[in-house]
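Q: Prediction below, plus the sequence it came from.
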Amino acid sequence: MTTQNNQSTVGPMIIIGALFFIFGFATWLNSLLIPYLRIACELTEVQSYFVTFAFYIAYLVMAPVSTWVLNRFGFKNGMAISLGIMAVGALLFIPAAYSRTYLLFLTGLFVMGGGLAILQTASNPYITILGPVETAAKRISIMGICNKFAGALAPIILGYFLNLSEADKVQQSLATMGPEESAQALDKIALQVVNPYIGIVVVLIILAVWISRANLPEVKGDEEEDATHHNVSEGKQSIFDFPHVILGFICLFLYVGVEVLAGDTIIAYGTYLGIPLDTAKFFTSFTMVSMVIGYIVGIVAIPKYLSQETALKLCAILGAILTVGIVFTDGMVSLTLVGLLGLANSLVWPAIWPLALKGVGKFTSAASGILVMGIAGGAVIPLIYGQIAHSVGSHQAYWIALPCYLYIFYYAVAGHKVRK
């Protein structure tokens with residue numbers, strides 16, 4: 001399928017691919033920020049997971065704003081505006097670092113998450129309806145590779161600017177330092193985030209200008225996904241007449257929760273196991289590489305060898321098996337299985353979107369807005385994990401992933417078929 005003006009989809013896919021790279025980079029910086037800010041701001045384990053809460057709760061809060069921005073300014077200008085909003089959020093890291101104020105860091109993360117919410121609301125349905133719905137999972141998988149490649153690089157690049165070995169030493173020496181000495185040492189650690197975030201601000205502004213001037217045609221879901229395209233039954237009055245969309249929202253909520261769990265807790269879990277932060281910074285990259293391998297499988301296999309439903313079932317089963325393996329093994333074996341959750345998570349997002357949007361016709365934009373709100377699962381599930389970890393330890397807290405994968409399996413088998 002081409003866009004409305006019969007233009008090739010290659011150009012728009014390159015632009016959306018660049019945006020998915022930005023999603024990944026901004027999102028997976030959190031995996032290193034969690035243990036790093038825990039040291040710099042002297043946080044408990046539960047408090048440190050408010051990093052993911054502040055970032056992902058923005059998707060829930062900003063969903064109505066996202067829809068308004070895209071309706072008011074269109075896809076292209078809406079994307080440029082959202083990149084500008086993200087730049088403001090990144091800019092807040094500078095005063096946060098100088099004052100070592102955790103609340104200001106969280107505010108910056110919330111603003112960045114709000115900008116990303118608008119980007120996601122525009123880009124996911126855009127890439128879904130840019131071609132035949134049967135191959136949507138393949139296109140989203142290509143976007144996923146851009147996203148997770150950036151996710152693999154993000155903690156390593158940020159770690160290059162942060163003196164993680166010094167942070168480890170300071171954490172070990174805090175008990176023997178006086179108040180003034182410890183404050184100076186922690187201030188020095190916090191200030192190390194200033195330069196990389198100035199770089200992020202500059203890149204986001206450049207991208208915003210590029211997107212605003214790019215030849216990115218408008219694709220309206222209301223027009224592309226009409227009743228004849230998906231054989232929508234008559235009499236549907238609102239998006240709530242499509243229960244498979246609401247069940248899809250729950251599925252996305254739980255999925256994003258376990259995806260963030262696999263990517264954002266693995267560095268902290270490594271330090272829990274006694275691994276230095278300077279070494280642990282590479283662990284999120286392992287999770288991301290696992291996801292990229294899964295995406296490549298999806299690009300090759302869907303829909304030729306695997307349907308989107310079958311891919312979702314297999315991912316859910318693998319996720320459940322790996323979760324059980326994580327809690328029944330120890331040390332590096334358990335840590336490796338956390339990284340392999342990336343493989344189990346890889347095809348869930350690409351499969352849920354086309355299954356949840358199937359048959360909604362003119363309600364595509366409304367359905368997308370509800371589904372994007374499911375990204376708030378990344379705020380809730382890791383925070384619950386942090387609370388459980390505080391009580392029973394980081395190892396056993398991974399049990400929280402099991403019911404999430406069981407629900408994903410239900411949606412793959414039956415949930416996406418519910419129409420009444």
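A: Structure received. Remember, it's a predicted structure, so these values are computed and weren't measured experimentally.
Q: Show me which residues of stretch 318-336 are buried.
A: Neighbour counts over stretch 318-336 (16 or more other Cβ atoms under 10 Å) mark 318, 319, 320, 322, 323, 324, 325, 326, 327, 334, 335, 336 as buried. (Glycine included, C-beta is placed from N, CA and C.)
Q: contacting residues around residue 340?
A: 290, 322 (Cβ atoms under 8 Å, 6 or more residues apart in numbering).
Q: cool, and residue 401?
A: Taking Cβ under 8 Å, 6+ apart as the test, what residue 401 contacts is 258, 261, 319, 323, 326, 341.
Q: residue boundaries of the helices in the stretch 101-250 of the chain?
A: Secondary structure of the stretch 101-250 of the chain (DSSP state H, counting those that start in this stretch): helices located at 102-128, 136-161, 164-173, 179-190, 194-213, 221-224, 227-230, 243-264.
Q: so residue 59 is in which element?
A: Using DSSP states H and E, residue 59 maps to helix 50-91.
Q: My error: substitute residue 410 in the last question.
A: Secondary structure (DSSP H and E) places residue 410 in helix 401-413.
Q: what's the model's confidence in that helix, averaged?
A: Per-residue pLDDT over helix 401-413 has a mean of 95.
Q: so which one among the contacts of residue 401 has the lowest pLDDT?
A: residue 261 (91).
Q: what's the helix holding residue 59 packed up against?
A: helix 10-28, helix 30-40, helix 102-128, helix 194-213, helix 243-264, helix 364-373, helix 377-392 (3 or more Cβ pairs under 8 Å, 6 or more residues apart in numbering; DSSP states H and E).
Q: Give the buried residues for the fourth one.
A: This points to helix 194-213. Using 16+ other Cβ under 10 Å as the burial criterion, the residues of helix 194-213 that qualify are 194, 196, 197, 200, 201, 203, 204, 205, 207, 208, 211.
Q: Repeat that for the third one.
A: Burial within helix 102-128, assessed by neighbour count using 16+ other Cβ under 10 Å, is assigned to 102, 104-128.
Q: before we move on, the earlier item: now do the very next helix or strand once past the helix holding residue 59, average pLDDT.
A: Downstream of helix 50-91, the first helix or strand assigned by DSSP H and E is helix 93-99. Summarised as a single mean, pLDDT over helix 93-99 is 93.
Q: pLDDT below threshold where in the stretch 1-150 of the chain?
A: 1-9, 124-125, 128-129, 133-134, 137 (pLDDT under 70).
Q: Mind doing that once more with 90?
A: Within the stretch 1-150 of the chain, the segments meeting pLDDT under 90 span 1-46, 48-49, 52, 56, 58-80, 116-150.
Q: Not including adjacent chain positions, what is the nearest residue to the residue minimising distance to the centre of the chain?
A: In the chain, the centroid-proximal residue (Cα atoms, centre = their mean) is residue 27; its distance is 5.7 Å. Leaving out its chain neighbours, the residue that sits closest to residue 27 by Cβ to Cβ, 6 or more residues apart in numbering is residue 151, at 6.7 Å.
Q: quick one: which helix or strand includes residue 297?
A: Element membership of residue 297 [criterion: DSSP H and E] is helix 283-301.
Q: For the nearest residue to residue 386 once chain neighbours are set aside, give its distance to residue 33.
A: Among residues not flanking residue 386 along the chain, residue 49 sits closest, at 3.5 Å (Cβ to Cβ, 6+ apart). Going from residue 49 to residue 33 by Cβ to Cβ, to the nearest Å gives 11 Å.
Q: could the helices of the stretch 101-250 of the chain go into TSV alongside distance to residue 405?
A: Putting these into TSV (distance: least, Cβ to Cβ, whole Å) gives the following:
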stretch	distance to residue 405
helix 102-128	22
helix 136-161	18
helix 164-173	32
helix 179-190	37
helix 194-213	33
helix 221-224	30
helix 227-230	29
helix 243-264	7
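Q: Let me know which of these is the nearest to residue 357.
A: Judged by Cβ to Cβ, the one of the helices of the stretch 101-250 of the chain that comes nearest to residue 357 is helix 102-128, at 6.0 Å.
Q: other SSEs contacting the closest one?
A: Applying 3+ Cβ pairs under 8 Å, 6+ apart, we find helix 102-128 packed against helix 10-28, helix 30-40, helix 50-91, helix 93-99, helix 136-161, helix 348-357, helix 364-373.
Q: Go again with 7 Å.
A: helix 10-28, helix 50-91, helix 93-99, helix 136-161, helix 348-357, helix 364-373 (3 or more Cβ pairs under 7 Å, 6 or more residues apart in numbering; DSSP states H and E).
Q: So which of these is nearest residue 413?
A: helix 348-357 (11.4 Å).
Q: where's the most far-flung residue of the chain relative to its centre relative to residue 169, distance?
A: Farthest-out residue of the chain from its mean C-alpha position, per Cα atoms, centre = their mean: residue 178, at 39.8 Å. Separation of residue 178 from residue 169 (Cβ to Cβ) stands at 16 Å.
Q: Good, wrapping up.
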